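Participant: predicted model follows, preceded by the sequence.
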Amino acid sequence: MTHWRPSLTARIGARLLGLALLWSLRPEGAWLHRLVRASPSTTPAQFLLAVLCVLSASAGTALLLMGPGLWKPAPVARRWQHHGLPSGG
């Protein structure tokens, strides 16, 4: 396994991107709140905006806490590694 170390720019950039995604939840949540109050039933726009809120919260938290460590290579057991196809005969 190769040695992997993210640069300072990658560490700071990933965490800033996480912060930006979390910060974007404020207007997304306010917009979703307005849509929900305006309609008694769930609309596709409400559903898609709710999905966007969940994705922003999940990705933002992961990037803020883990940073570029999310892309760090992980060891894989030998049985799950590709060994090539057996030769037919």
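Facilitator: Ah, there it is.
Participant: can you give me the helices in the protein?
Facilitator: Assigned by DSSP state H, the chain shows helices spanning 8-23, 25-38, 44-66.
Participant: any chance of those helices in a markdown table, with distance to residue 75 and mean pLDDT too?
Facilitator: No exception for glycine: its C-beta is placed from N, CA and C like everyone else's. Shown next, in a markdown table, are the helices of the chain (distance: least, CB to CB, whole Å; pLDDT from 0 to 100):
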| stretch | distance to residue 75 | mean pLDDT |
| --- | --- | --- |
| helix 8-23 | 21 | 94 |
| helix 25-38 | 35 | 94 |
| helix 44-66 | 17 | 95 |
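Participant: I'd like the ones you listed as TSV, with distance to residue 80 appended.
Facilitator: Formatted as TSV, these follow (distance: least, CB to CB, whole Å):
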stretch	distance to residue 80
helix 8-23	27
helix 25-38	36
helix 44-66	23
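Participant: for the spatially most central residue of the chain, which non-adjacent residue is closest in space?
Facilitator: Closest residue to the average C-alpha location of the chain: residue 59 at 3.0 Å, with CA atoms, centre = their mean. Closest residue to residue 59 in three dimensions, ignoring its sequence neighbours and counting by CB to CB, 6 or more residues apart in numbering: residue 21, at 5.5 Å.
Participant: likewise for residue 43?
Facilitator: Nearest to residue 43 is residue 35, by CB to CB, 6+ apart, at 7.1 Å.
Participant: that neighbour and residue 45 touch, don't they?
Facilitator: Yes: between residue 35 and residue 45 there is a contact at 6.2 Å, judged by CB atoms under 8 Å.
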